[in-house]
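Trainee: Predicted model, plus sequence, below.
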Amino acid sequence: MVDVVLILSDFRFYCKWQVRCVRCGKGHNLKDCPVKDNPAQAVCANCKCQHSAAFKGCVKYQEVSKALKITVVDKVSYAQLQR
């Protein structure tokens, strides 16, 4: 379990994507979010609906989750599914 945590925490050093707040979708961390204590002002970074990006009922989350399951079962890459 420690190896997994180290791998995931080290990933941020290699990632080229801009930081996006899980609560409002803007370019900062959750700890710096001005609306973090007001879920009614949440904006999903993935679909732009009014919920946190961590909401598992999000349409985009469900699409990606389904696609990732297909990649495992059919042994294809996620990029191949997007074509």
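Mentor: Here it is on my side, so go on.

Trainee: So which residues make contact with stretch 72-81?
Mentor: 67-68, 70-71 (C-beta atoms under 8 Å, 6 or more residues apart in numbering). Bear in mind the C-beta positions are built from the backbone N, C-alpha and C, glycine included.

Trainee: Apart from its chain neighbours, what residue comes closest to Gln41?
Mentor: Of all residues beyond its chain neighbours, the one nearest Gln41 is Val35 (4.0 Å), with distances taken as C-beta to C-beta, 6 or more residues apart in numbering.

Trainee: My read is that the one you found contacts Ser52, right?
Mentor: No: counting by C-beta atoms under 8 Å, Ser52 is not a contact partner of Val35; they are 10.3 Å apart.

Trainee: Identify the contacts common to those two.
Mentor: 23, 42.

Trainee: So these two - more neighbours on which side?
Mentor: Here Val35 and Ser52 are compared on neighbour count by other C-beta atoms under 10 Å; more neighbours surround Ser52, at 18 against 14.

Trainee: give me the low-pLDDT residue ranges for the chain?
Mentor: Low-confidence segments of the chain, defined by pLDDT under 70: 1-14.

Trainee: tell me, how many neighbours does the spatially closest residue to Ala45 that is not a sequence neighbour end up with?
Mentor: Nearest residue to Ala45, sequence neighbours excluded (C-beta to C-beta, 6+ apart): Gly25, at 3.6 Å. Neighbourhood size, Gly25 [other C-beta under 10 Å]: 17.

Trainee: My understanding was that Gly25 contacts Ala53; is that so?
Mentor: Yes: applying C-beta under 8 Å as the test, Gly25 and Ala53 come out as touching, 6.6 Å apart.

Trainee: so what sits against both of those two?
Mentor: Common neighbours of Gly25 and Ala53 (C-beta under 8 Å, 6+ apart) are 44-45.
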